[in-house]
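Asker: build me a structure from this.
(2 chains)
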Amino acid sequence: MIQIVYFARVREAIGVDGEQVEVEAGSSIATLIDRLAQESDRHSAAFQDRSKLRFAVDQKMVGADTLLDNAKELAIFPPVTGG
Amino acid sequence: MIDVRIQAERFDSAALLAALEADGVGAIASFTGLVRSDVGVTAIELEHYPAMTQASLQALATEAQSRWNLPGAIIVHRVGKMMVGEPIVFVAAASPHRAEALAACAFLIDRLKTDAPFWKKEYRGESAAWVEAKASDNARAANWD
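Answerer: Model prediction:
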(Lines give C-alpha, C1' and ligand atoms only; values in the text may rest on other atoms or scores of the structure.)
Protein backbone atom coordinates (compact mmCIF):
# COMPACT_ATOMS: atom_id res chain seq x y z
CA MET A 1 0.00 0.00 0.00
CA ILE A 2 1.09 3.53 -0.71
CA GLN A 3 -0.37 6.81 0.58
CA ILE A 4 -1.11 9.22 -2.27
CA VAL A 5 -1.60 12.92 -1.50
CA TYR A 6 -3.00 15.42 -4.00
CA PHE A 7 -2.60 19.19 -4.14
CA ALA A 8 -4.14 22.23 -5.83
CA ARG A 9 -5.91 21.61 -9.17
CA VAL A 10 -5.29 17.84 -8.96
CA ARG A 11 -6.80 17.65 -5.47
CA GLU A 12 -9.89 19.59 -6.58
CA ALA A 13 -10.34 17.47 -9.73
CA ILE A 14 -10.18 14.19 -7.80
CA GLY A 15 -12.22 15.52 -4.89
CA VAL A 16 -10.11 14.10 -2.03
CA ASP A 17 -6.87 15.16 -0.29
CA GLY A 18 -5.44 11.69 -0.65
CA GLU A 19 -6.04 7.95 -0.67
CA GLN A 20 -4.33 4.64 -0.02
CA VAL A 21 -3.81 2.40 -3.02
CA GLU A 22 -2.23 -0.98 -3.76
CA VAL A 23 0.88 -0.85 -5.90
CA GLU A 24 2.08 -3.84 -7.90
CA ALA A 25 5.77 -4.72 -7.59
CA GLY A 26 7.82 -2.92 -10.22
CA SER A 27 5.25 -0.16 -10.79
CA SER A 28 6.46 3.29 -11.73
CA ILE A 29 4.53 6.49 -11.04
CA ALA A 30 3.50 6.55 -14.73
CA THR A 31 2.07 3.02 -14.63
CA LEU A 32 0.17 3.74 -11.40
CA ILE A 33 -1.29 6.92 -12.94
CA ASP A 34 -2.38 5.00 -16.04
CA ARG A 35 -4.14 2.45 -13.85
CA LEU A 36 -5.89 5.05 -11.65
CA ALA A 37 -7.01 6.99 -14.74
CA GLN A 38 -8.81 3.86 -15.97
CA GLU A 39 -10.50 3.28 -12.63
CA SER A 40 -12.49 6.51 -12.34
CA ASP A 41 -13.64 9.48 -14.39
CA ARG A 42 -12.33 11.90 -11.75
CA HIS A 43 -8.82 10.44 -11.89
CA SER A 44 -9.01 10.36 -15.67
CA ALA A 45 -9.90 14.07 -15.76
CA ALA A 46 -7.27 15.03 -13.17
CA PHE A 47 -4.52 13.15 -15.01
CA GLN A 48 -5.61 14.03 -18.55
CA ASP A 49 -2.69 16.34 -19.33
CA ARG A 50 0.31 14.37 -18.07
CA SER A 51 2.64 17.23 -19.02
CA LYS A 52 1.02 19.29 -16.23
CA LEU A 53 1.68 16.72 -13.48
CA ARG A 54 4.60 16.78 -11.07
CA PHE A 55 5.52 14.20 -8.42
CA ALA A 56 7.26 13.77 -5.11
CA VAL A 57 8.09 10.43 -3.51
CA ASP A 58 8.58 10.64 0.25
CA GLN A 59 8.77 14.46 -0.05
CA LYS A 60 11.44 14.54 -2.80
CA MET A 61 10.61 15.77 -6.33
CA VAL A 62 11.04 12.94 -8.85
CA GLY A 63 10.19 12.07 -12.46
CA ALA A 64 7.23 9.98 -13.68
CA ASP A 65 9.49 7.00 -14.44
CA THR A 66 10.44 6.61 -10.76
CA LEU A 67 9.68 3.16 -9.35
CA LEU A 68 7.42 3.04 -6.31
CA ASP A 69 9.06 0.07 -4.58
CA ASN A 70 9.64 1.01 -0.91
CA ALA A 71 7.85 4.35 -1.33
CA LYS A 72 5.58 5.36 1.55
CA GLU A 73 4.04 8.56 0.19
CA LEU A 74 3.48 9.70 -3.38
CA ALA A 75 2.41 13.31 -3.97
CA ILE A 76 0.80 14.30 -7.28
CA PHE A 77 0.39 17.99 -8.09
CA PRO A 78 0.56 20.65 -10.84
CA PRO A 79 3.77 22.62 -11.52
CA VAL A 80 4.45 24.77 -8.44
CA THR A 81 3.57 28.48 -8.41
CA GLY A 82 4.80 29.88 -5.10
CA GLY A 83 6.84 32.98 -4.42
CA MET B 1 22.31 31.48 10.58
CA ILE B 2 19.54 30.01 8.44
CA ASP B 3 15.97 30.97 9.32
CA VAL B 4 13.17 29.30 7.33
CA ARG B 5 9.53 29.88 8.20
CA ILE B 6 6.16 28.97 6.72
CA GLN B 7 3.35 30.91 8.34
CA ALA B 8 -0.14 32.31 7.77
CA GLU B 9 0.57 35.59 9.61
CA ARG B 10 2.05 38.70 8.02
CA PHE B 11 5.77 39.16 8.60
CA ASP B 12 7.77 42.24 9.58
CA SER B 13 10.56 42.54 7.01
CA ALA B 14 12.34 45.28 9.00
CA ALA B 15 12.59 43.00 12.04
CA LEU B 16 13.81 40.10 9.87
CA LEU B 17 16.52 42.31 8.32
CA ALA B 18 17.57 43.59 11.73
CA ALA B 19 18.26 40.01 12.83
CA LEU B 20 20.73 39.63 9.94
CA GLU B 21 22.41 42.98 10.69
CA ALA B 22 23.19 41.69 14.15
CA ASP B 23 25.46 39.07 12.56
CA GLY B 24 27.97 41.81 11.72
CA VAL B 25 28.00 41.08 7.97
CA GLY B 26 28.98 43.64 5.31
CA ALA B 27 26.04 43.32 2.92
CA ILE B 28 22.42 42.23 2.97
CA ALA B 29 20.23 41.76 -0.13
CA SER B 30 16.53 41.08 0.26
CA PHE B 31 13.47 40.43 -1.89
CA THR B 32 9.83 40.83 -0.88
CA GLY B 33 7.04 39.43 -3.08
CA LEU B 34 3.60 41.06 -2.77
CA VAL B 35 0.10 40.23 -3.99
CA ARG B 36 -0.02 42.10 -7.29
CA SER B 37 -3.17 43.92 -8.39
CA ASP B 38 -3.44 42.11 -11.74
CA VAL B 39 -6.63 42.92 -13.63
CA GLY B 40 -9.50 42.23 -11.28
CA VAL B 41 -7.50 40.25 -8.73
CA THR B 42 -8.80 40.87 -5.21
CA ALA B 43 -6.97 38.20 -3.23
CA ILE B 44 -4.85 35.09 -3.55
CA GLU B 45 -4.66 31.85 -1.64
CA LEU B 46 -1.50 29.83 -1.16
CA GLU B 47 -1.69 26.06 -0.69
CA HIS B 48 1.38 24.00 0.21
CA TYR B 49 2.60 20.50 0.99
CA PRO B 50 3.30 20.78 4.71
CA ALA B 51 5.36 17.59 4.99
CA MET B 52 7.76 18.84 2.29
CA THR B 53 7.79 22.64 2.32
CA GLN B 54 10.09 23.34 5.26
CA ALA B 55 12.68 20.80 4.11
CA SER B 56 12.65 22.07 0.52
CA LEU B 57 13.25 25.68 1.62
CA GLN B 58 15.93 24.56 4.06
CA ALA B 59 17.63 22.66 1.21
CA LEU B 60 17.62 25.82 -0.93
CA ALA B 61 19.25 27.86 1.83
CA THR B 62 21.85 25.14 2.42
CA GLU B 63 22.64 25.01 -1.31
CA ALA B 64 23.03 28.81 -1.35
CA GLN B 65 25.51 28.54 1.54
CA SER B 66 27.51 25.96 -0.41
CA ARG B 67 27.74 28.33 -3.40
CA TRP B 68 28.45 31.65 -1.69
CA ASN B 69 29.99 32.95 1.51
CA LEU B 70 26.65 33.39 3.24
CA PRO B 71 26.70 33.67 7.03
CA GLY B 72 22.99 34.49 7.08
CA ALA B 73 19.92 33.54 5.02
CA ILE B 74 16.22 34.00 5.69
CA ILE B 75 13.25 32.60 3.78
CA VAL B 76 9.70 33.35 4.98
CA HIS B 77 6.73 32.17 2.90
CA ARG B 78 3.12 32.75 3.85
CA VAL B 79 0.25 30.35 3.21
CA GLY B 80 -3.51 30.85 3.23
CA LYS B 81 -5.49 33.80 1.92
CA MET B 82 -3.95 37.24 1.29
CA MET B 83 -5.36 40.49 -0.06
CA VAL B 84 -3.85 42.69 -2.79
CA GLY B 85 -0.79 44.54 -1.48
CA GLU B 86 0.01 42.07 1.28
CA PRO B 87 3.46 40.46 1.42
CA ILE B 88 3.67 36.79 0.36
CA VAL B 89 7.34 35.90 0.51
CA PHE B 90 10.55 37.34 1.96
CA VAL B 91 14.07 36.25 1.10
CA ALA B 92 17.28 37.77 2.43
CA ALA B 93 20.94 36.91 2.06
CA ALA B 94 23.75 38.31 4.22
CA SER B 95 27.35 38.17 3.08
CA PRO B 96 30.64 40.05 3.58
CA HIS B 97 30.23 41.70 0.13
CA ARG B 98 27.36 42.88 -2.06
CA ALA B 99 27.98 40.69 -5.14
CA GLU B 100 27.52 37.50 -3.15
CA ALA B 101 24.53 38.82 -1.21
CA LEU B 102 22.77 39.93 -4.43
CA ALA B 103 23.50 36.67 -6.26
CA ALA B 104 22.40 34.50 -3.35
CA CYS B 105 19.18 36.47 -2.90
CA ALA B 106 18.31 36.08 -6.61
CA PHE B 107 19.15 32.37 -6.46
CA LEU B 108 16.90 31.81 -3.46
CA ILE B 109 13.81 33.42 -4.96
CA ASP B 110 14.37 32.06 -8.49
CA ARG B 111 14.74 28.50 -7.27
CA LEU B 112 11.97 28.82 -4.67
CA LYS B 113 9.62 29.58 -7.59
CA THR B 114 10.29 26.22 -9.26
CA ASP B 115 11.39 23.91 -6.42
CA ALA B 116 9.16 24.63 -3.41
CA PRO B 117 5.72 22.97 -3.19
CA PHE B 118 3.40 26.01 -3.14
CA TRP B 119 0.38 26.63 -5.38
CA LYS B 120 -1.30 29.99 -5.90
CA LYS B 121 -4.99 30.56 -6.57
CA GLU B 122 -6.24 33.98 -7.70
CA TYR B 123 -9.60 35.36 -6.62
CA ARG B 124 -11.48 37.86 -8.74
CA GLY B 125 -14.45 38.63 -6.56
CA GLU B 126 -16.31 35.32 -6.21
CA SER B 127 -14.50 33.46 -8.99
CA ALA B 128 -11.21 31.64 -8.37
CA ALA B 129 -8.59 30.19 -10.72
CA TRP B 130 -5.29 28.38 -10.17
CA VAL B 131 -2.25 30.29 -11.42
CA GLU B 132 -0.37 28.57 -14.27
CA ALA B 133 3.38 28.05 -13.92
CA LYS B 134 5.39 30.37 -16.20
CA ALA B 135 8.04 29.15 -18.64
CA SER B 136 10.00 32.32 -17.83
CA ASP B 137 10.25 31.19 -14.18
CA ASN B 138 11.70 27.83 -15.29
CA ALA B 139 14.21 29.65 -17.49
CA ARG B 140 15.33 31.91 -14.61
CA ALA B 141 15.72 28.95 -12.25
CA ALA B 142 17.65 26.99 -14.91
CA ASN B 143 20.21 29.82 -15.05
CA TRP B 144 21.43 28.56 -11.64
CA ASP B 145 21.91 24.91 -12.73
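Asker: only C-alpha atoms for contact and neighbour calcs from this point on.
Answerer: Noted.
Asker: flag the shaky bits of chain B, pLDDT-wise.
Answerer: B:23 (pLDDT under 70).
Asker: up against chain A, what does it have?
Answerer: Chain B has residues B:33, B:46-49, B:51-52, B:77, B:88-89, B:109, B:112-120, B:130-133 near chain A, with proximity defined as CA under 8 Å from any CA of the partner chain.
Asker: strands - which of the residues you listed land there?
Answerer: B:33, B:46, B:47, B:48, B:77, B:88, B:89, B:118, B:119, B:120, B:130 (DSSP state E).
Asker: count the neighbours of the closest residue to the last one other than its chain neighbours for me.
Answerer: Closest residue to residue B:130 in three dimensions, ignoring its sequence neighbours and counting by CA to CA, 6 or more residues apart in numbering or on different chains: residue B:121, at 4.2 Å. Close neighbours of residue B:121, defined as other CA atoms under 10 Å in any protein chain shown, add up to 20.
Asker: ok, residue B:121 touching residue B:48?
Answerer: No. Look at residue B:121 against residue B:48 with CA atoms under 8 Å: they stay out of range, at 11.4 Å.
Asker: all strands for chain A, in order.
Answerer: A:2-6, A:18-21, A:54-57, A:60-62, A:73-77.
Asker: and the contacts of the second one?
Answerer: Right, strand A:18-21. The contact list for strand A:18-21 (CA atoms under 8 Å, 6 or more residues apart in numbering or on different chains) reads A:1, A:2, A:3, A:4, A:5, A:6, A:11.
Asker: try the first one
Answerer: For strand A:2-6, the surrounding residues in contact (CA under 8 Å, 6+ apart) are A:16-23, A:71-77.
Asker: what bridges to the closest residue to residue B:61 other than its chain neighbours?
Answerer: Distance criterion CA to CA, 6+ apart; nearest residue to residue B:61, sequence neighbours excluded, is residue B:73 at 6.5 Å. Taking DSSP bridges as the rule, residue B:73 bridges to residue B:2, residue B:93.
Asker: one step back: just the buried ones from the residues of chain B next to chain A, in ChimeraX syntax?
Answerer: Buried subset of the residues of chain B next to chain A, written as a ChimeraX selection, criterion 16 or more other CA atoms under 10 Å in any protein chain shown:
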select /B:46,47,48,49,52,77,88,89,109,112,113,114,115,116,117,118,119,120,130,131,133
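Asker: is it fair to say residue B:60 lies in a strand?
Answerer: No. Assessed with DSSP: H, G, I helix; E, B strand; the rest coil, residue B:60 is helix; it does not lie in a strand.
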